[in-house]
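Just the structure for this:
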Amino acid sequence: MYQRLGIEAKIEELINNAEKKIKPIFEKVDKIAEYNSMKVLSAFQKYRLSDVHFTSTTGYGYDDIGRECVENIFADVLGAEDALARTQIVSGTHALTIALFAFLRPSDVMLSIAGKPYDTLDPVIGIEENKSSLKAFGVNYEQIDLKDNNFDTEKIVERVSKGNVKLIHIQRSRGYALRESISIEQLKNIISEIRKVNSEVIIMIDNCYCEFVETITPIEVGADIVVGSLIKNLGGGIATNGGYIAGRKDLVELAGERLTSPGQGKEVGPTNGANRAFLQGLYFAPSVVASSLKTAILASAVLEEIGYKVSPKFNSNRSDIVQTIEFGNPDDMIKYCRGIQFGSAVNAHCAPEPADMPGYTDKIIMASGSFTQGSSIELSCDGPIRKPFVAFMQGGLTYEYGKIGIMRAIQEIGFKG
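Numbers count the residues shown, from 1 in each chain. Model prediction:
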C-alpha cells in the first residue's frame with residue numbers, strides 16, 4: 001500500500017525507526033486525551049444532553065434550547081461561567097475581533113504581552129492602517145515582547161501597575177513567529193503577578209491551536225476570557241465553521257451584544273442545524289488533538305533526523321499542535337508543503353503555489369487537503385515565503401493519515417536515505 005501511494009521503502013524504514021523512539025511520548029499524549037475525554041463526557045451528562053438539543057432553529061433563533069445546552073457544555077469544559085459558541089463567528093480572528101471591540105472603548109489601552117499578535121490582527125488593531133480598526137476608534141495599542149520564550153515579568157508588572165491598561169492580550173500559539181508557544185504554567189505565573197498589582201484589567205487569551213493539548217484551561221488559572229475557532233481543536237474536524245468566546249459572564253454578555261446587537265445579545269442567533277456537529281466535534285476533540293500531537297511529534301523526530309531545524313523538539317513539552325520546520329530555502333519548503341497536499345484526501349492532485357492572501361504581507365504557501373476550508377485541525381502545512389523559510393504544520397484527524405502525509409512530504413523533498 002505504501003508503494004501504491006508513491007512512498008518508497010527507505011521512507012517507511014525511516015518512519016518505523018522514529019516510531020520506536022517516540023512510543024513513550026505517545027503514551028503521555030494518550031493519558032491527556034483520556035483525561036480530557038472524561039471532562040467532555042462529564043459536561044455532556046451534567047447538562048443532560050438529549051437528541052432534542054440537536055434540533056435546528058432559523059430566523060431570529062429565539063428560545064433555542066439546543067444553543068443554550070451547547071454553550072453550557074462549552075463553558076463547563078473550558079472552566080468558564082458562560083460561553084458563546086456560534087456559527088455566526090466565522091474564524092478565530094473574527095472571534096478575537098468581536099471580543100476586542102466588545103471590551104475596549106476610545107482611549108483604552110490594549111497591551112499584548114506575548115509580542116505582536118498573529119498577522120491577521122494587524123488591520124484589526126491598526127498596526128496596519130484600516131478605517132475600521134481599533135486605532136481608528138481611538139483605542140491605543142502597546143506590546144511587550146517575550147524574553148527568552150517567556151514573559152518579561154518585570155516590564156509587564158511595571159506597565160500594568162500604572163493602571164491605565166484596560167485589556168491584556170496573550171496569544172498562546174506562535175502564529176508565524178519563531179517562538180515557543182505559551183504553556184498553562186507560564187500563564188498561571190504571569191496572571192498571578194499581574195493580579196498582585198492590578199485586579200481590574202481584563203486578561204484575554206487567544207487559545208487557538210491549544211485546546212486539549214494540556215489538561216487545564218486558561219480560565220482555570222485566572223484568565224478572564226478565552227477565545228478560539230471551532231475549525232481548529234475544539235471542533236474535532238466535524239464542526240464545519242464557528243468560533244467561541246468563553247469566560248466571565250459579564251464579558252461574554254458584552255461579546256454577545258457585539259456579535260448580534262445591544263439588548264438582544266446571546267438571546268438571538270439561529271443554530272441552522274449546527275448543534276449536532278458542534279457537540280460531536282467536541283466529543284471527538286480530545287482524541288483528534290491527540291492524533292494531531294502525535295503527527296507533530298513524528299514530524300519533529302523525523303525531520304530533525306534528516307537534517308532540518310525543528311521546534312518543538314520531539315521530546316519537548318507542548319502547549320499547542322503546531323510544529324515548525326525550518327528549511328533554510330524556499331524550494332524545500334514549497335516541496336514539503338506540496339507533499340502534504342499530495343498526501344491528503346481532498347485536492348491531492350493539486351500543487352499549492354505561494355500566493356497573496358488577505359491579512360498577510362508576504363506570499364503564503366498553504367497546503368490543506370481538508371474537508372472544511374481552512375480547517376487547521378485537519379492535516380495542513382503553510383507559511384510565509386520569507387527567510388528563514390519556515391513551514392508551520394498542524395493537524396491530522398487521525399495519526400495514521402498524519403503519518404502518511406509526512407511520508408509523502410519527505411518523499412517530495414527528495415530524501416536520499
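
Just give the number of residues close to the closest residue to Ser183 other than its chain neighbours.
Leaving aside its chain neighbours, Ser183 sits nearest to Ser319 (4.4 Å; criterion: CB to CB, 6 or more residues apart in numbering). The way it works is simple: take the backbone N, C-alpha and C, and place the C-beta from them, glycine included. Applying other CB atoms under 10 Å, we find 22 residues neighbouring Ser319.

so which strand or helix has Tyr141?
Applying DSSP states H and E as the criterion places Tyr141 in strand 140-143.

Buried ones in that strand, by neighbour count?
For strand 140-143, the neighbour count (16 or more other CB atoms under 10 Å) marks Asn140, Tyr141 as buried.

strands paired with that strand, and their directions?
Strand 140-143 pairs in its sheet with strand 109-112 (parallel), by DSSP bridges.

And the strands in the stretch 101-250 of the chain, which stretches?
Here the stretch 101-250 of the chain has its strands, by DSSP state E, counting those that start in this stretch, at 109-112, 140-143, 167-171, 202-206, 225-229, 243-247.

possible to save these as CSV with mean pLDDT?
Formatted as CSV, these follow (pLDDT from 0 to 100):
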stretch, mean pLDDT
strand 109-112, 98
strand 140-143, 98
strand 167-171, 98
strand 202-206, 98
strand 225-229, 98
strand 243-247, 98
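
sec struct for the residue nearest to Ser183, please.
coil (DSSP: H, G, I helix; E, B strand; the rest coil).

cool, Ala85 as well?
Under three-state DSSP, the three-state class of Ala85 is strand.

Format the strands of the stretch 101-250 of the chain as CSV; extra columns: distance to Glu253.
Formatted as CSV, these follow (distance: least, CB to CB, whole Å):
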stretch, distance to Glu253
strand 109-112, 20
strand 140-143, 25
strand 167-171, 16
strand 202-206, 14
strand 225-229, 11
strand 243-247, 11
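
Can you check which of these gets nearest to Ala95?
strand 243-247 (3.7 Å; CB to CB).

would you list every one of the helices in the stretch 51-200 of the chain?
Ranges of helices in the stretch 51-200 of the chain, per DSSP state H, counting those that start in this stretch, are 65-77, 92-103, 122-125, 153-160, 184-197.

so who does Ala80 touch?
Residues near Ala80 by CB atoms under 8 Å, 6 or more residues apart in numbering: Phe74, Thr217, Ile219, Val226, Ala246, Gly247, Arg248, Val252.

Find the nearest non-adjacent residue to it, please.
Among residues not flanking Ala80 along the chain, Ala246 sits closest, at 3.9 Å (CB to CB, 6+ apart).

what is that neighbour paired to in the beta sheet?
With DSSP bridges as the criterion, Ala246 is bridged to Ala83, Val226.

For stretch 92-99, output the C-alpha coordinates as CSV.
Provided in CSV are the C-alpha atoms of stretch 92-99 (Å, rounded to 0.1, in the frame of the first residue of the first chain):
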residue,chain,number,x,y,z
GLY,A,92,-10.6,32.8,15.3
THR,A,93,-9.7,36.3,14.0
HIS,A,94,-13.4,37.1,13.9
ALA,A,95,-13.9,35.8,17.5
LEU,A,96,-11.0,37.9,18.7
THR,A,97,-12.3,41.0,16.8
ILE,A,98,-15.7,40.6,18.4
ALA,A,99,-14.2,40.3,21.9
